[in-house]
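*Asks:* what follows is a predicted structure for the sequence shown.
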Amino acid sequence: MEGEEEKEKKKKRNSGNRKRKTYASHSQSSSNSNSNTVVFPLLLAAALSASNNSKPSLSLLKKCLTKFLSHLQPHHATPFLSLSPLLLNSKSSEIASLTAQIVGAASLMSFQMNQLVVSDSQTLKALISLIPISQNTVSMAACEALLDLCSTCIARQRLLHFSALETLMFAFLQVRRSSILISLSTGDDVNIASLRIVFQKGELPVLLLNAAIILINTCNIEQLKIPSKLSECFSVFLKEVWREAHRKMLNGDILGPGQGMNLYFSSITINNLAESIFRLSINVDQLPALMPSDMVKRRIFCFSEDDFKHFILSQWEVVPCVVRRFSTASLEMDEVFTSFMQSLCFKDLFPSVLSSILQGLTSCLPIDSDELNILNFLKEVRNKLGCPLINEQDIRVLRTDNKLKQEVRFFQENVDSCCIKAPQFLCVDDILKCQEAYNEGYTIALRGMEFRFERVSLIADGLASIFGQPSAGANMYLTPPNSQGLARHYDDHCVFVCQIFGSKQWKVFSQPNVQLPRLYDPCNIQNDEGIDNSRANCYHFLLNEGDVLYIPRGFPHEACTHCTDGSAGFSLHLTLGIEIEPPFEWEGFMHVALFCWNHTQYQHNLSLKSLSGILNVMSVKLLHIIIGLIADSDPTFRKACLVAAASSQSDTNSWLDLCQKTIFSNLIDKISRESRFLEALKSVEVGIQKNEDPFQRIRWLQTLNQERESVEGRDWVEDIFPLYVKYKEMAEFVFMEVKSKFCSQVSYDDVTADYKKLHEKYKAARKQYMNGMLSLHHVWQV
């Protein structure tokens, strides 16, 4: 009976629910108070005599500490802390362990007591020093105390300051078994990624692991710069646990009620584990060597710089084209795609191993295009990180009905009672059904390949550099014989279709709209509206292995495995997408130009306490509005800006750089000619009436604004703008003066440095995300 009680006690202790303790009223605890009034002087006397290490002194001290712990009250913990460093450093393991328990218990009494404990540097240092002690009881007591302290953010930061994380990681690597068997258990959250990890043995290693994961998931970017060897070894173990946890999660192998009485229930969840792996990879380049952009350029554009120049000047964002692979060398020898193909188990085996590939993948949760702080992203997705593939987000299983010309989904989307789509996670049974769907004519479309396969990420990174963008995407499409996957559609980004296996017939139709679609614009085609179906306005391409098809954004297209020569086999292609985010269109470059010119003109912020200051500040803001209005009608403003392109960075007199300068000059002339004060003013007024922020479109400029243009506490909608309108005639005069100065004084060369700085910030954030996601998939590719 006693054994069962002890097991249940251990299970509750390790449930991860470390809560603040509640205490009885003062009248109810008077007897305890009186007893502690006696205990504390004895404790003090014993501590002072402990240096003698005599058995009577240690025995007395142990009794005092035991009684003190059992009757601990908030007002007694404060004086005890003055003795805690001395007691924690005791040569007696029992004394050190009891003291650690008291420190942990005190930290859970209240937020204020927790702050008091962690403010004592000597206590923290002494507690951390006990973690690597050879006696398990001391290390466990110290680790439990650290877990109690970790109940507040300030305490976690203090522990990080004193290198508790490195100590925990090192101690764990010293005591861990060669392998630890795990199970999964349901936690407090019904989210599948919140399943708790249950260990079959090793209480001390799990305590160390638990504490280390908590601190890792608290670190800022600088604190994550852990010694590389230590971080690497620790990550290896985390990935071993992750591989097993992910497998059990997919299989639904979860402990039921009453099971696991002999197991160790940790507070580590799947999402905690995934976040730690992600974080440890942020500052570690997951790619052993970047693929030179020239290598990608040679492969896609066939060797010569002249071919690439022709493509940029005549075809980029203008017309579709195909690059044929005329070489007799097999695609398996291709320097760009070889490793990726090998990871897919080669052509002859690929369709049959689809299920095993999908089982090794996890969901790549979307990150906002303007999110430059990777830790903000982790905070938002913390409860979902590490979850299985999500239908329609990570993977689509679909075909096009030839008669209805509509897409048919294999998996029906979940809809809850509030008519809000709930995520549909794919378990093992669903993944096995993907193979079944493929056999029935459905295409398997997998998004985010650059976050799942190392080689694809190298290709995407090289392609992004060629076109001066922070990142490029990659999707994979597996289509069975005699089938069509996606219905006719157009994309909001340019794509390069790389035929890996088999062949596919493509139709690309003329652009129905002179304006290029912007990223995230609706791309639905209703009843072929605006599409010229005549053969004269339709491009036909048959892609064979090694061919690359370029389709500009906005061009409707469709593809199938119905080949005109009678052959119809399966097709596997990789679509590389160049997504032009708002800052990296030409409109974005012009906003950066105005921003840079304005800060050059006014080294210090203009005061909004004066009328002249208000008129100047608002005139610049209005000019930003005008740039947006012109961009809505002029196609050039929507084109991709290639200023940050790799070839442009190395030679400021290259043909590409000269081309960018010419475009810049033409757009400045356009702004000079077509800036209409009253039209811009009306646009702002309409936005205010609709309760919209007219400047929402360029909020990304704040990334460059180190000084943060200030309105000095004044509300520009209620206060500043009405004053600007009140003096409309004067405001128009100042606006025309600001516009004229900007158009005559701004220099292309003065803008490029800040523009490339903005580009690097976006690229760095995307790289951190890619590193994190690759680390969660790399365990399946080693």
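*Replies:* Structure received. Numbers count the residues shown, from 1 in each chain.
*Asks:* what ranges do the helices span in the stretch 501-650 of the chain?
*Replies:* For the stretch 501-650 of the chain, helices defined by DSSP state H, counting those that start in this stretch occupy the ranges 586-601, 611-631, 635-638, 646-650.
*Asks:* not counting its own residues, what contacts the third one?
*Replies:* Read it as helix 635-638. The contact list for helix 635-638, computed with C-beta atoms under 8 Å, 6 or more residues apart in numbering, reads 514-516, 518, 585-587, 590, 627, 630-631, 663, 666-667, 670. From N, CA and C alone the C-beta is placed, and that goes for glycine too.
*Asks:* now mean pLDDT too, for the helices of the stretch 501-650 of the chain, in TSV please.
*Replies:* Listed next are the helices of the stretch 501-650 of the chain as TSV, based on pLDDT from 0 to 100:
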stretch	mean pLDDT
helix 586-601	94
helix 611-631	90
helix 635-638	94
helix 646-650	58
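*Asks:* save those helices as CSV, and put in distance to Gln406 too.
*Replies:* Output for those, formatted as CSV (distance: least, C-beta to C-beta, whole Å):
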stretch, distance to Gln406
helix 586-601, 35
helix 611-631, 34
helix 635-638, 30
helix 646-650, 42
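*Asks:* circling back to that earlier point, among the contacts of helix 635-638, the buried ones, what's the PyMOL command?
*Replies:* Those of the contacts of helix 635-638 that count as buried under 16 or more other C-beta atoms under 10 Å are selected in PyMOL with:
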select buried, resi 516+518+585+586+587+590+627+630+631+663+667+670
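*Asks:* follow-up on the earlier one: looking at the helices of the stretch 501-650 of the chain, which is closest to Thr362?
*Replies:* Nearest to Thr362 among those is helix 646-650 (31.5 Å), distances taken as C-beta to C-beta.
*Asks:* continuing past the closest one, what's the next helix or strand?
*Replies:* helix 655-674 (DSSP states H and E).
*Asks:* got the CA positions of that following helix in PDB?
*Replies:* Output in PDB follows, covering the C-alpha atoms of helix 655-674 (Å, rounded to 0.1, in the frame of the first residue of the first chain):
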ATOM      1  CA  TRP A 655      23.900  45.900 -67.100                       C
ATOM      2  CA  LEU A 656      21.400  44.900 -64.400                       C
ATOM      3  CA  ASP A 657      22.400  47.800 -62.100                       C
ATOM      4  CA  LEU A 658      22.200  50.200 -65.000                       C
ATOM      5  CA  CYS A 659      18.800  48.900 -65.900                       C
ATOM      6  CA  GLN A 660      17.600  49.400 -62.300                       C
ATOM      7  CA  LYS A 661      18.900  53.000 -62.400                       C
ATOM      8  CA  THR A 662      16.900  53.700 -65.500                       C
ATOM      9  CA  ILE A 663      13.700  52.300 -64.000                       C
ATOM     10  CA  PHE A 664      14.200  54.500 -60.900                       C
ATOM     11  CA  SER A 665      14.700  57.600 -63.000                       C
ATOM     12  CA  ASN A 666      11.500  56.900 -65.000                       C
ATOM     13  CA  LEU A 667       9.500  56.400 -61.800                       C
ATOM     14  CA  ILE A 668      10.700  59.600 -60.300                       C
ATOM     15  CA  ASP A 669       9.600  61.400 -63.400                       C
ATOM     16  CA  LYS A 670       6.200  59.800 -63.100                       C
ATOM     17  CA  ILE A 671       5.900  60.900 -59.500                       C
ATOM     18  CA  SER A 672       6.900  64.400 -60.400                       C
ATOM     19  CA  ARG A 673       4.300  64.600 -63.200                       C
ATOM     20  CA  GLU A 674       1.400  62.900 -61.700                       C
END
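*Asks:* tell me the confidence at Glu335?
*Replies:* pLDDT, Glu335: 61.
*Asks:* an error on my part: the question was meant for Phe40.
*Replies:* Listed pLDDT for Phe40 reads 60.
*Asks:* do the same with Pro292
*Replies:* The model's pLDDT for Pro292 equals 68.
*Asks:* sketch out the low-pLDDT regions of the stretch 451-600 of the chain for me.
*Replies:* 523-536, 563-568 (pLDDT under 70).
*Asks:* rerun at 90
*Replies:* 454-455, 458-459, 462, 500-502, 511-515, 518-537, 545-546, 562-570, 599-600 (pLDDT under 90).
*Asks:* one more: the stretch 651-782 of the chain?
*Replies:* If you take pLDDT under 90 as the line, the stretch 651-782 of the chain has these spans: 651-655, 683-697, 699, 702-729, 731, 778-782.
*Asks:* can you rerun that using 70?
*Replies:* For the stretch 651-782 of the chain (pLDDT under 70), the answer is 651-653, 706-719, 779-782.
*Asks:* which residues in the stretch 201-350 of the chain form helices?
*Replies:* Using DSSP H, counting those that start in this stretch, helices in the stretch 201-350 of the chain cover 203-216, 228-251, 270-282, 293-301, 305-314, 338-343, 346-349.
*Asks:* among the ones you listed, which is nearest Gln122?
*Replies:* helix 203-216 (20.1 Å).
*Asks:* other SSEs contacting the closest one?
*Replies:* Helix 203-216 makes packing contacts with helix 136-149, helix 153-161, helix 164-175, strand 264-269, helix 270-282 when contacts are defined by 3 or more C-beta pairs under 8 Å, 6 or more residues apart in numbering; DSSP states H and E.
*Asks:* mind putting those in CSV, mean pLDDT and mean neighbour count included?
*Replies:* Below are those laid out as CSV (pLDDT from 0 to 100; neighbours: other C-beta atoms under 10 Å):
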stretch, mean pLDDT, mean neighbour count
helix 136-149, 94, 23
helix 153-161, 96, 17
helix 164-175, 94, 20
strand 264-269, 88, 22
helix 270-282, 96, 24
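*Asks:* quick one: closest of those to Ile466.
*Replies:* helix 270-282 (25.6 Å).
*Asks:* could I get the CA-only coordinates of that closest one as CSV?
*Replies:* The C-alpha coordinates for helix 270-282 follow below in CSV (Å, rounded to 0.1, in the frame of the first residue of the first chain):
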residue,chain,number,x,y,z
ILE,A,270,5.5,17.9,-27.9
ASN,A,271,5.3,21.6,-28.7
ASN,A,272,7.8,22.4,-25.9
LEU,A,273,10.2,19.9,-27.4
ALA,A,274,9.7,21.2,-30.9
GLU,A,275,10.2,24.8,-29.8
SER,A,276,13.5,23.9,-28.1
ILE,A,277,14.8,22.1,-31.2
PHE,A,278,13.7,25.1,-33.3
ARG,A,279,15.3,27.7,-31.0
LEU,A,280,18.6,25.8,-30.8
SER,A,281,18.8,25.9,-34.6
ILE,A,282,18.1,29.6,-35.1
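*Asks:* reformat the helices of the stretch 201-350 of the chain into JSON lines and put distance to Phe570 next to each item.
*Replies:* JSON lines is the format used below for these (distance: least, C-beta to C-beta, whole Å):
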{"stretch": "helix 203-216", "distance to Phe570": "43"}
{"stretch": "helix 228-251", "distance to Phe570": "25"}
{"stretch": "helix 270-282", "distance to Phe570": "33"}
{"stretch": "helix 293-301", "distance to Phe570": "23"}
{"stretch": "helix 305-314", "distance to Phe570": "30"}
{"stretch": "helix 338-343", "distance to Phe570": "15"}
{"stretch": "helix 346-349", "distance to Phe570": "10"}
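*Asks:* hang on, the earlier thing: okay if I get the helices and strands packed on helix 203-216 as CSV plus distance to Arg699?
*Replies:* Below are the helices and strands packed on helix 203-216 laid out as CSV (distance: least, C-beta to C-beta, whole Å):
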stretch, distance to Arg699
helix 136-149, 39
helix 153-161, 28
helix 164-175, 35
strand 264-269, 34
helix 270-282, 25
